[in-house]
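Novice: turn this into a model:
(one chain, ligands or ions: 3)
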Amino acid sequence: MKAAILHDFKKPLSIEEVAPPRPEADEVLIQVEACGACHSDLHVADGDWPQLAGIVKRPLILGHEIAGRVVERGAAVQDLKIGDRVGVPWIYWTCGECEFCREGNENLCSRQKITGVTVDGGYAEFVKAPATHALKIPDGLSALEAAPLFCAGLTVYRALKGAGIVPGQRLAVFGIGGLGHLAVQFGRAFGAEVTAIDISEEKLELARTFGAADALNAATTDVVKQLRRKGGVHVSLVTSAAKAAYDTAFSCLRPAGTLLVVGLPAENICFPPILMAAREVRIHASTVGTRQDLREVLAMAAEGKLRCQVVARPLVQANEVLDQLRKGQVSGRIVLTP
Ligand code: NAD
Ligand code: ZN
Ligand code: ZN
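Specialist: Numbering: from 1, shown residues only. Ligands and ions are numbered 1, 2, ... in the order given. Have a look, this model is predicted:
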């Protein structure tokens, strides 16, 4: 099968012919129809996160926003059949037994395997996955539309749900990329008044079409001043990998506001303790989500409450796509199609 393979950090992926994976008894083989190119793929490929470098499999097939069709199943698989449309998220496998799994937070599983990081992912014609963790895609959602929900949609949904937004509250979304353009829509669905912040006019326009009440260009506008004038925001969600976005997002919070840490810059982020204390700021970090979160996201998309802006590109263009992402030139999500 054709696959885009990472051999070394910071080097282009090599497009190669490799043997397709063989599913174990509890696994399914999936023919990949679509795989979103998430900014996390770029962080992994560039070795941006030294904390993660030790667990990155190599050679590695990237990609954790996978949508496809079951073409083979192991002898012990019961709930999936050949032809089922399924997706595979960032969390590839969880143990079901550790304290985090038992507490309902399987996204924190201490034994988790990660798609496109510790095991091969979806920048390929085929991928295998545990049948228990490949979720069915509702009819009516195409593979292209569904793929980005398996990371981008899931991640911002869980983060916003965790912030406990109440209708009428002010939400600022920093970074209107793959994650951010979906966050604007969830924010609206939760009843928030959403302000979108980016450094690209094209992305701000996209945010407006998805219902942002306001859209501010951080490169040309004093975002802190604008949002403070309204009394600050209840929730600042950062879905940008720019450290600068965190600095601004923190300063825009009203007292008792929540900073949602989702975007993952390579640099550390830091805030003045005196302001954190004086404003009783809450800092809430969030990582992808559970299978139950994902079912909720897929259901909302199937009901038409959420629409992913997608552009399809052939798998062989994976390097060009990652480069566009690096330069901030992707509006919505680019989805690779093998
Ligand atoms: P993306 O490249 O599609 O979007 C990032 C956006 O940030 C772009 O629109 C860019 O123009 C904008 N931006 C750049 N500088 C900015 C600034 N100073 N202020 C405001 N906006 C700015 O990326 P993505 O795929 O949406 O991923 C975003 C981040 O989220 C990445 O760091 C990724 O690794 C991370 N992520 C985290 C999780 C998690 O579980 N916490 C899951 C998925 C992705
Ligand atoms: Zn576990
Ligand atoms: Zn992702």
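
Novice: when you work out contacts or count neighbours from here on, use the C-alpha atoms and nothing else.
Specialist: Will do.

Novice: phi, psi of the residue minimising distance to the centre of the chain?
Specialist: Of all residues in the chain, the one closest to the mean position by Cα atoms, centre = their mean is A152, 2.7 Å from it. Comment: the main-chain dihedrals of A152 come out as phi -60, psi -50, following degrees, to the nearest 10.

Novice: gap between it and L179?
Specialist: Shown here: A152 relative to L179, a distance of 5 Å by Cα to Cα, to the nearest Å.

Novice: how near is the residue nearest to the centre of the chain to D48?
Specialist: A152 sits at a distance of 19 Å from D48 (criterion: Cα to Cα).

Novice: ok so, going back, quick check: the residue nearest to the centre of the chain touching S40?
Specialist: No. No contact is recorded between A152 and S40 when judged using Cα atoms under 8 Å, the distance being 10.0 Å.

Novice: please, where are all the strands along the stretch 151-300 of the chain?
Specialist: Shown for the stretch 151-300 of the chain, the strands assigned by DSSP state E, counting those that start in this stretch span residues 170-174, 193-198, 214-217, 233-238, 253-261, 282-285.

Novice: any chance of these in JSON lines, with mean pLDDT and distance to ligand 1 too?
Specialist: Listed next are the strands of the stretch 151-300 of the chain as JSON lines, based on pLDDT from 0 to 100; distance: least, Cα to the nearest ligand atom, whole Å:
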{"stretch": "strand 170-174", "mean pLDDT": "98", "distance to ligand 1": "5"}
{"stretch": "strand 193-198", "mean pLDDT": "98", "distance to ligand 1": "4"}
{"stretch": "strand 214-217", "mean pLDDT": "98", "distance to ligand 1": "8"}
{"stretch": "strand 233-238", "mean pLDDT": "98", "distance to ligand 1": "8"}
{"stretch": "strand 253-261", "mean pLDDT": "98", "distance to ligand 1": "7"}
{"stretch": "strand 282-285", "mean pLDDT": "98", "distance to ligand 1": "7"}
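
Novice: turn those strands into JSON lines, columns for distance to A19 and mean neighbour count.
Specialist: What follows is the strands of the stretch 151-300 of the chain, written out as JSON lines (distance: least, Cα to Cα, whole Å; neighbours: other Cα atoms under 10 Å):
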{"stretch": "strand 170-174", "distance to A19": "41", "mean neighbour count": "28"}
{"stretch": "strand 193-198", "distance to A19": "42", "mean neighbour count": "25"}
{"stretch": "strand 214-217", "distance to A19": "47", "mean neighbour count": "19"}
{"stretch": "strand 233-238", "distance to A19": "39", "mean neighbour count": "28"}
{"stretch": "strand 253-261", "distance to A19": "39", "mean neighbour count": "22"}
{"stretch": "strand 282-285", "distance to A19": "39", "mean neighbour count": "16"}
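
Novice: perfect, that will be all.
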